[in-house]
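Trainee: Sequence first, then the predicted structure, then my questions.
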Amino acid sequence: MAADHADVSKERVLDALRAVRGPELEGNIVDLGLVSDVFISDAKVYFSITVPAERARELDPLRAAAERVVKDIPGVKGAMVALTADHKAGTPAPRPPVP
């Protein structure tokens, strides 16, 4: 089994993620530059997908699809995928409400 864990690499994760279509169904999330921060620890894969802030809720199925394809890689024990909101340059990030 230890050999399976060694097979889990960033390259294998990115290759698997190329099967996931981007938000507009053109291209894949890797080649569109939406995947970042791929981290692997004890055969568990963690990464984020950058999406437009206003579409984050709508694109949760994209996150779920990416998580599924990574979990299907032999040797992967689990996957944690976060959607990261992309803010346009010059616009402030939303502030939490003041109590």
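Mentor: Yes, it's here. Predicted model, so just to flag it, every value in this text is computed and none were measured.
Trainee: right, and the helix or strand after the helix ranked longest in the chain?
Mentor: In the chain, assigned by DSSP state H, the helix with the most residues is helix 60-71. For helix 60-71, the following helix or strand on the C-terminal side (DSSP states H and E) is strand 78-86.
Trainee: what's next to the longest helix of the chain, contact-wise?
Mentor: Contact partners of helix 60-71, identified using CB atoms under 8 Å, 6 or more residues apart in numbering, comprise 13, 16-17, 19-20, 22-23, 29, 35, 45, 47, 49, 51, 76, 78-83. Yep, even glycine has a C-beta here, placed from its N, CA and C like the rest.
Trainee: Just the mean pLDDT for stretch 23-37, thanks.
Mentor: Stretch 23-37 comes out with an average pLDDT of 91.
Trainee: Buried residues, it. List them.
Mentor: 23, 28-30, 32, 34-35 (16 or more other CB atoms under 10 Å).
Trainee: Repeat that for stretch 10-21.
Mentor: 12-14, 16-17, 20.
Trainee: got it, and stretch 55-62?
Mentor: Here stretch 55-62 shows 56, 59, 62 as buried, counting by 16+ other CB under 10 Å.
Trainee: Show me which of those is closest to residue 40.
Mentor: residue 62 (20.9 Å; CB to CB).
Trainee: what comes into contact with stretch 17-26?
Mentor: 27-32, 34-35, 51-52, 55, 59, 62, 65-66, 69-70.
Trainee: picking up where we left off before, including pLDDT and distance to residue 41, could the buried residues of stretch 55-62 go into JSON lines?
Mentor: JSON lines is the format used below for the buried residues of stretch 55-62 (pLDDT from 0 to 100; distance: CB to CB, whole Å):
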{"residue": "56", "pLDDT": "88", "distance to residue 41": "25"}
{"residue": "59", "pLDDT": "93", "distance to residue 41": "26"}
{"residue": "62", "pLDDT": "94", "distance to residue 41": "24"}
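Trainee: out of these, who's nearest residue 7?
Mentor: Using CB to CB, the buried residues of stretch 55-62 come closest to residue 7 at residue 62, 25.7 Å.
Trainee: Which residues are in contact with residue 7?
Mentor: 74-75.
Trainee: does residue 45 count as helix, strand or coil?
Mentor: Using DSSP: H, G, I helix; E, B strand; the rest coil, the structure places residue 45 in strand.
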